[in-house]
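Novice: Prediction below, plus the sequence it came from.
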There are 2 protein chains.
Amino acid sequence: MRVKPISGFPEHLPADCLAEQELIRQIRTQYELYGFSPLETCAVERMDVLLSKGDMGRQIYGLTRAAEDDSSTDMGLHFDLTVPLARYVVQNAGQLVFPFRRYQIQKVWRGERAQKGRFKEFYQCDIDIVGRQSLDPIYEAEVPAIIDSVFSALKLPQHIIHVSDRRIWDDFAATFDIAADRLPALLGILDKTHKVGVEKVREELSQLGFGEQPVTVAMNLIACHDIASASAVLSEAGVPTTSLELLSETIENANRFGCPASAIRPDFSIARGLDYYTGTVYETFIDGYLKWGSVCSGGRYDNLTEIFGGQKFPGVGISIGLSRLFSLLKQEDLIQSEASSPAVVLVTMLDKNNYFDQYLNLARELRGAGIPTEVYFGKKGLGDQISVADKRGIPFALIAGETEFANQQFKLKDLAKSEECTGSLAELISQLQTHAATNRARFVLSGK
Amino acid sequence: MRVKPISGFPEHLPADCLAEQELIRQIRTQYELYGFSPLETCAVERMDVLLSKGDMGRQIYGLTRAAEDDSSTDMGLHFDLTVPLARYVVQNAGQLVFPFRRYQIQKVWRGERAQKGRFKEFYQCDIDIVGRQSLDPIYEAEVPAIIDSVFSALKLPQHIIHVSDRRIWDDFAATFDIAADRLPALLGILDKTHKVGVEKVREELSQLGFGEQPVTVAMNLIACHDIASASAVLSEAGVPTTSLELLSETIENANRFGCPASAIRPDFSIARGLDYYTGTVYETFIDGYLKWGSVCSGGRYDNLTEIFGGQKFPGVGISIGLSRLFSLLKQEDLIQSEASSPAVVLVTMLDKNNYFDQYLNLARELRGAGIPTEVYFGKKGLGDQISVADKRGIPFALIAGETEFANQQFKLKDLAKSEECTGSLAELISQLQTHAATNRARFVLSGK
């Protein structure tokens, strides 16, 4: 039977599985530090629920059953974690405490054309803060602090959180009498300025009926990277600055939450989700890797559960496309997964015949002290045993023979340093515990 | 749009999500202590791969796409983690280090008839140790120690690992000239003895052509719960005891690995996987909850990758059906999920107008010290703020007003004890860290 990878469905060798899981663990830890509770929804949703969100229909994987005795196959795999959250909130509203703070780290599936960096199965790591009827805007300022904490923990090159507010463009549109639904086209074309030049963009926008003055103001606004100059541009053009002041306040509060000023900046060119977001919007870039685009995006929305009707659940949320981020980090050699085993130590067997029980006992003691441990059971000599540790990326080898057991002083070899030390089991355990705590999965994120 | 649960696809409220995730974390920790590396395979497999394993066809969920421009939809969702492992090993054999020790904690999907305790989507938590060409039988003795560690960590009522060895029944069959493929029928009927009585079973087996002597020997063997009496039964009947001695050795070695004698016992009635397992087999029961059946099962097999042909990969593995176990624990009130938030402390706001920055700063310091923290941003008084902590199951509330900020001595209220203490932030952090470490998810497993 043929065995070959299924295009678009990524899988990793063990070392990369370990590294990816460590990334997930770090993200989870940061989300929990902010008090988000883990939510897991099932992988499937009813087709009518999935199809209610615009134009995703072509990308949905539906389910079939060979045995047609199952009437419940009008289902498909979820393509994001937002539709499931909306359905879950409507379904369980009576039993949730609002604002509902949940994180959700799960695979999603999209039948997109396979292309480099695009997957059909991938991890999303989402958080949302969902209110019932209303949600204090302070949460829009908490979100950048969370993004900052996550990306600081991941030890990537410096991240910059770009923020804007959808309402600034609403003020702009109202001033120049532009219909709100034409904003995406305007921003979309303006976004090409650095590629095709100012004149070409002006021409194109003029053909679409955008007047010269609003286009000039929009261009000037997008060129601003701080509140003061944006304020000057808007004021001069007679556009109200109330929404801009809200953005300014959000940034100041984000600083109070712990997001340093150097990690957050206004960016009025953000065009993401103009049809959906109603307040602050976020995009996150990694310094030196702008070509990746945003690695963490989101925003404030007015009603999560719009497709279901009923009462309003406003919220704010972000999503990290983890599988894509992981594959980019790999490509750029920013992630070095050196270990295929979570074990911190390999118990070698120098003299299996005489001390088998004692070797097993060492392993028990090590595990009892919380140290991931593997035992060598093969038939080869010490050199080969240590090379097994090396191949698996196990950083230490415990070595003991007649003398060591007699004195209860064991050898611990640090494979990376090629150094050996001797000590009681208690002493070695304490050394290994320190190592296990600081180098949990022994993969290195190294900025260039 | 209607919103109702999809039958057979379980979902939890946040408190149970947190509890289930904590179960998974504990299982993962134990698996890693034994040096198993995390593996994740994609959710789909090619249909021909899925169908190659016997009679699962009717239960497989196939995938379809609304847009038929995708030629790769001859795929289905995996129904276990063993077929994916086999495919993965064949696909990556050249890059794996053997014995390959992997754990895999993922959802699987089976289109079974929905019934109580049976799910269509559920978690499996598997480990396997896979050799290339050969695998030392010592690993069959390591497995009970791992099972013991996992179930000890979960703090359930006492577990008992029942073990047998398929080869004992091979010896039996050879002695009485019974074809090996008739063993499942024999054991299946013998298994009903406690329900229908000895006479009925004898009659049924006689009708199937099993002679009186082998039936008597089989009945006597199944009645044995230790090696010595089993040895007597076999010897008297002229059945070789070599395989029984191997089982005895496995149990002794399991004790050396740390599995206490009280947690493991021979059980010759295990009929699971007689068509698949070739050595030791395991079933795990929880004392007082035998009606649950086995909560962790597995065994030794000769060739993981049989369906793909090529070289042999013998192995040994077990599986915990986590979703089923979780639902049983809930039903029996053995799991008490009291918290819907992972936060350990809620920073309340006694005087938001004057100290807003300082409250946010407290939250930053707490999070910086690794303490999951939520901040209250509502408009209500302290009593209501504390009742929010209570509703979410957050165990502590930090309280500060003019006096506290002036003296830098803050109040920490323990909601469960309804006690308050006062201290510097450093002192309170140290107290909360201890609590966070020992009560990570604050759900209680309590034996009855």
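Specialist: Sure, I can see it.
Novice: tell me the strands in the stretch 51-200 of chain A, going along the chain?
Specialist: Assigned by DSSP state E, counting those that start in this stretch, the stretch 51-200 of chain A shows strands spanning A:61-65, A:75-77, A:100-109, A:121-130, A:159-165.
Novice: Is the first one in proximity to chain B?
Specialist: Put plainly, it is strand A:61-65. Yes. Contact between strand A:61-65 and chain B, assessed by C-beta under 8 Å from any C-beta of the partner chain, occurs at A:61-65. Just so you know, the C-beta spots here come from the backbone N, C-alpha and C atoms, and that holds for glycine as well.
Novice: one step back: would JSON lines of the strands of the stretch 51-200 of chain A with mean pLDDT be doable?
Specialist: Putting those into JSON lines (pLDDT from 0 to 100) gives the following:
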{"stretch": "strand A:61-65", "mean pLDDT": "89"}
{"stretch": "strand A:75-77", "mean pLDDT": "94"}
{"stretch": "strand A:100-109", "mean pLDDT": "98"}
{"stretch": "strand A:121-130", "mean pLDDT": "98"}
{"stretch": "strand A:159-165", "mean pLDDT": "97"}
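Novice: can you put those in CSV and add distance to B:Phe308 and mean neighbour count?
Specialist: Listed next are the strands of the stretch 51-200 of chain A as CSV, based on distance: least, C-beta to C-beta, whole Å; neighbours: other C-beta atoms under 10 Å in any protein chain shown:
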stretch, distance to B:Phe308, mean neighbour count
strand A:61-65, 25, 21
strand A:75-77, 27, 26
strand A:100-109, 25, 23
strand A:121-130, 22, 23
strand A:159-165, 44, 23
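Novice: Looking at these, spot the one closest to A:Arg25.
Specialist: The minimum distance between A:Arg25 and these falls on strand A:100-109, with 9.9 Å, by C-beta to C-beta.
Novice: Check chain A and tell me which residue is nearest its centre.
Specialist: Nearest to the geometric centre of chain A sits A:Ile320, at 3.1 Å (C-alpha atoms, centre = their mean).
Novice: contacting residues around it?
Specialist: A:27, A:124-126, A:150, A:295-296 (C-beta atoms under 8 Å, 6 or more residues apart in numbering or on different chains).
Novice: Sheet partners, orientation included, of the helix or strand in which it is found?
Specialist: A:Ile320 is part of strand A:315-321, with elements assigned from DSSP states H and E. Here strand A:315-321 is paired, per DSSP bridges, with strand A:121-130 (antiparallel), strand A:296-301 (antiparallel).
Novice: so which of those strands gets nearest A:Leu190?
Specialist: strand A:296-301 (18.6 Å).
Novice: Can you pull out the residues in contact with the closest one?
Specialist: A:137, A:140, A:143, A:147, A:150-151, A:166, A:272-273, A:276-284, A:314-320.
Novice: 7 Å - rerun?
Specialist: Strand A:296-301 is contacted from outside by A:140, A:143, A:147, A:272-273, A:276-284, A:314-320, using C-beta atoms under 7 Å, 6 or more residues apart in numbering or on different chains.
Novice: got the domain boundaries for chain A?
Specialist: Per automatic domain parsing, the structural domains of chain A span A:14-336, A:345-445.
Novice: Compare the ones you listed and give me the one nearest B:Ser231.
Specialist: domain A:345-445 (23.9 Å).
Novice: so where is chain A shaky, pLDDT-wise?
Specialist: In the predicted model, chain A carries pLDDT under 70 at residues A:66-73, A:114, A:438-448.
Novice: How about A:Ile386: what's its closest non-neighbour residue?
Specialist: Once flanking residues are discounted, A:Ile386 sits nearest to A:Ala397: 5.2 Å by C-beta to C-beta, 6 or more residues apart in numbering or on different chains.
Novice: Mind checking what secondary structure the one you found has?
Specialist: Using DSSP: H, G, I helix; E, B strand; the rest coil, the structure places A:Ala397 in strand.
Novice: my read: it touches A:Val347, true?
Specialist: No. Contact criterion C-beta atoms under 7 Å: A:Ala397 and A:Val347 do not qualify, at 8.0 Å.
Novice: which residues in the stretch 251-400 of chain A form helices?
Specialist: A:322-331, A:352-368, A:382-392 (DSSP state H, counting those that start in this stretch).
Novice: can you check the stretch 101-250 of chain A too?
Specialist: Using DSSP H, counting those that start in this stretch, helices in the stretch 101-250 of chain A cover A:138-153, A:166-175, A:183-190, A:193-196, A:198-207, A:212-223, A:227-236, A:242-257.
Novice: Please name every helix or strand in contact with the third one.
Specialist: For helix A:183-190, the elements it packs on are helix A:198-207, helix A:212-223, judged by 3 or more C-beta pairs under 7 Å, 6 or more residues apart in numbering or on different chains; DSSP states H and E.
Novice: Pull the distance from the last one to the chain's centre.
Specialist: The chain centroid and the centroid of helix A:212-223 are separated by 34 Å under C-alpha atoms, centre = their mean, to the nearest Å.
Novice: still on that earlier bit, same list (the helices of the stretch 101-250 of chain A) but as TSV, adding distance to B:Met75.
Specialist: Formatted as TSV, the helices of the stretch 101-250 of chain A follow (distance: least, C-beta to C-beta, whole Å):
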stretch	distance to B:Met75
helix A:138-153	33
helix A:166-175	39
helix A:183-190	35
helix A:193-196	38
helix A:198-207	43
helix A:212-223	44
helix A:227-236	50
helix A:242-257	44
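Novice: With that, I have no additional questions.
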